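>>> I'll drop the sequence and a predicted model, then ask my questions.
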Amino acid sequence: MNAPALPPTAQLVTLSQAADLLAQGQLVAMPTETVYGLAANAENPQAVAQIFATKGRPTDHPLIVHIASAAAAPTFAQDIPAFAQVLMEKFWPGPLTLILPRRPEVATAAAGGQASIGLRLPAHPQAQALLQACAERGVQGLAAPSANRFGKVSPTSAAHVADEFGSAVPIVDGGDCAVGIESTIVDCSRGVPIILRPGQISSADLNAALAPLGIQLQAPGSVQKSAPKASGTLEAHYAPRAKVRLMDAAMLQTALDVLGEDAKGIATYSRAILRTPAAAVLRRHMPPDAAAAAHELFAVLRELDAQGVALIWVEAPPDDAAWDGVRDRLQRAAAA
């Protein structure tokens, strides 16, 4: 689908300007391959506090720190296990966040006070260039949760960010996000790898990388030590203003048949072709490919929300593991 136009209130900045602002303790919205992030110097507690205040995010909900290279990981993490190193080598740069034991003297505010910290090396070329420019200015990592109000739909274009924050947040425009949903999160802080949030990188991908070590992903409840908090793992999250409901294709068609011509204030997003006599029902086609659906998911939810519908009825994704990330985001959106 076509990206929305940038509103006239958008404050666009160059990579050099963005790096200067971040070094000065300001916020900048940055593109990544997953979603746009609201970035600040991860080691500046005042700057990190601006992220929490701008998003309306609880300060004990940790932020992911983005770094310019895997070599920067020891700046923030210690006692990095061998299996985490393997995952870095295989999937970085890319949409994978690793939760690692944190160096106690760094990034306490960004970590939400936890003894662990989430690190990611993004693949987006402008994100990499910005992180490198920041490193040259003494900023070793950027805390960057999604650039939207807390709990709402993540932004996948500069226009989405401008719709959220107007001119209050400078934006580096990196085009549409290629992946479209947030990174896979793997907890590496408790001795074994555990997925906390699914994403484009699947459990099968991770297990294949870990197989030479004789290690496999463990179930979240398999370790007695309590799990660290992680971004985007609240039961209700990623929610538009409209109420999202997940149904199978047959239930969707039955609901439309029952309402008939009286259906209004409703949008559908489905792989199946649905029939309705009601002209007021907005219908959007969900791609049959999981990666394509992930790429457009948040943009579609934002577009339907902008149309003022009260209900968004979504065909539940297939049970296939490739759809785990999309299914996770839709289930959390429907729980809001």
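Yep, it's here.

>>> Specify the local secondary structure of the nearest residue to P212 once chain neighbours are set aside.
Distances taken as CB to CB, 6 or more residues apart in numbering put V86 closest to P212, at 7.7 Å, once the chain neighbours are dropped. For every residue, glycine as well, the C-beta is placed using N, CA and C. Per DSSP: H, G, I helix; E, B strand; the rest coil, the local secondary structure of V86 is helix.

>>> Report pLDDT for the residue nearest to P122 when sequence neighbours are not counted.
Nearest residue to P122, sequence neighbours excluded (CB to CB, 6+ apart): T32, at 4.3 Å. On pLDDT, T32 comes in at 98.

>>> Disregarding residues adjacent in the polypeptide, which is nearest to A10?
A162 (3.9 Å).

>>> So that neighbour belongs to a helix, correct?
Yes - the assignment for A162 (three-state DSSP) places it in a helix.

>>> And the pLDDT for it?
As summarised for this prediction, A162 has a pLDDT of 96.

>>> any idea how far it is from P170?
Distance of A162 to P170, computed by CB to CB, to the nearest Å: 10 Å.

>>> All the strands of this structure, in order from the start?
28-30, 37-41, 64-66, 96-101, 116-120, 142-143, 184-187, 194-197, 243-247, 266-270, 282-285, 311-315 (DSSP state E).

>>> about what we covered before: the residue nearest to A10: neighbouring residues, count only.
Residues near A162, counting by other CB atoms under 10 Å, number 26.

>>> Surely D324 touches S202?
Yes - D324 lies in contact with S202 (CB atoms under 8 Å); the separation is 6.5 Å.

>>> Show the low-confidence segments of the stretch 151-300 of the chain, by residue range.
For the stretch 151-300 of the chain, the stretches flagged by pLDDT under 70 are 224.

>>> which residues do D324 and S202 both contact?
Counting by CB atoms under 8 Å, 6 or more residues apart in numbering, D324 and S202 have no common neighbour.

>>> mind giving me the domain split of the protein?
Per automatic domain parsing, the domain ranges recorded for the chain read 15-222, 243-335.

>>> Could you look over those and pick the most buried one?
Each of the domains of the chain was scored by mean neighbour count; the highest is domain 15-222, a mean of 21, by mean count of other CB atoms under 10 Å.

>>> N148 versus the residue nearest to the spatial centre of the chain, what's the distance?
Against the mean C-alpha coordinate of the chain, by CA atoms, centre = their mean, the closest residue is E182 at 2.5 Å. E182 sits at a distance of 11 Å from N148 (criterion: CB to CB).

>>> Using CSV, write out every CA atom in stretch 301-308.
Extracted in CSV, the C-alpha atoms of stretch 301-308 (Å, rounded to 0.1, in the frame of the first residue of the first chain):
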residue,chain,number,x,y,z
LEU,A,301,-4.5,-0.6,11.1
ARG,A,302,-3.6,3.1,11.0
GLU,A,303,-5.3,3.6,7.7
LEU,A,304,-8.6,1.9,8.8
ASP,A,305,-8.4,3.9,12.1
ALA,A,306,-8.1,7.1,10.1
GLN,A,307,-11.3,6.2,8.3
GLY,A,308,-13.2,6.5,11.6
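
>>> what's in contact with that stretch?
Contacts of stretch 301-308 (CB under 8 Å, 6+ apart): 1, 4, 153, 155, 160, 163, 238, 240-242, 244, 265, 267, 269, 282, 284, 312, 333.

>>> now with 6 Å?
The contact list for stretch 301-308 (CB atoms under 6 Å, 6 or more residues apart in numbering) reads 153, 240-242, 267, 282, 312.

>>> Okay, P145 and I51: tell me how far apart.
Counting by CB to CB - P145 and I51 are separated by 7 Å.

>>> Tell me the residues that contact both of the two, please.
Counting by CB under 6 Å, 6+ apart, the residues touching both P145 and I51 are L38.

>>> Do a quick rundown of the helices in this structure.
In the chain, helices defined by DSSP state H lie at 15-23, 45-55, 73-76, 82-91, 125-136, 158-165, 203-210, 249-259, 290-306, 324-335, listed in chain order.

>>> Turn those helices into JSON lines, columns for distance to L119.
As requested, the helices of the chain are exported to JSON lines (distance: least, CB to CB, whole Å):
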{"stretch": "helix 15-23", "distance to L119": "17"}
{"stretch": "helix 45-55", "distance to L119": "15"}
{"stretch": "helix 73-76", "distance to L119": "6"}
{"stretch": "helix 82-91", "distance to L119": "9"}
{"stretch": "helix 125-136", "distance to L119": "12"}
{"stretch": "helix 158-165", "distance to L119": "23"}
{"stretch": "helix 203-210", "distance to L119": "16"}
{"stretch": "helix 249-259", "distance to L119": "40"}
{"stretch": "helix 290-306", "distance to L119": "22"}
{"stretch": "helix 324-335", "distance to L119": "19"}
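
>>> Would you tell me which of those gets closest to S226?
For the helices of the chain, the distance to S226 is smallest for helix 82-91, at 19.3 Å, taking CB to CB.

>>> and the closest one, what other elements does it pack with?
helix 203-210 (3 or more CB pairs under 6 Å, 6 or more residues apart in numbering; DSSP states H and E).

>>> Having no further points to raise, I will conclude here.
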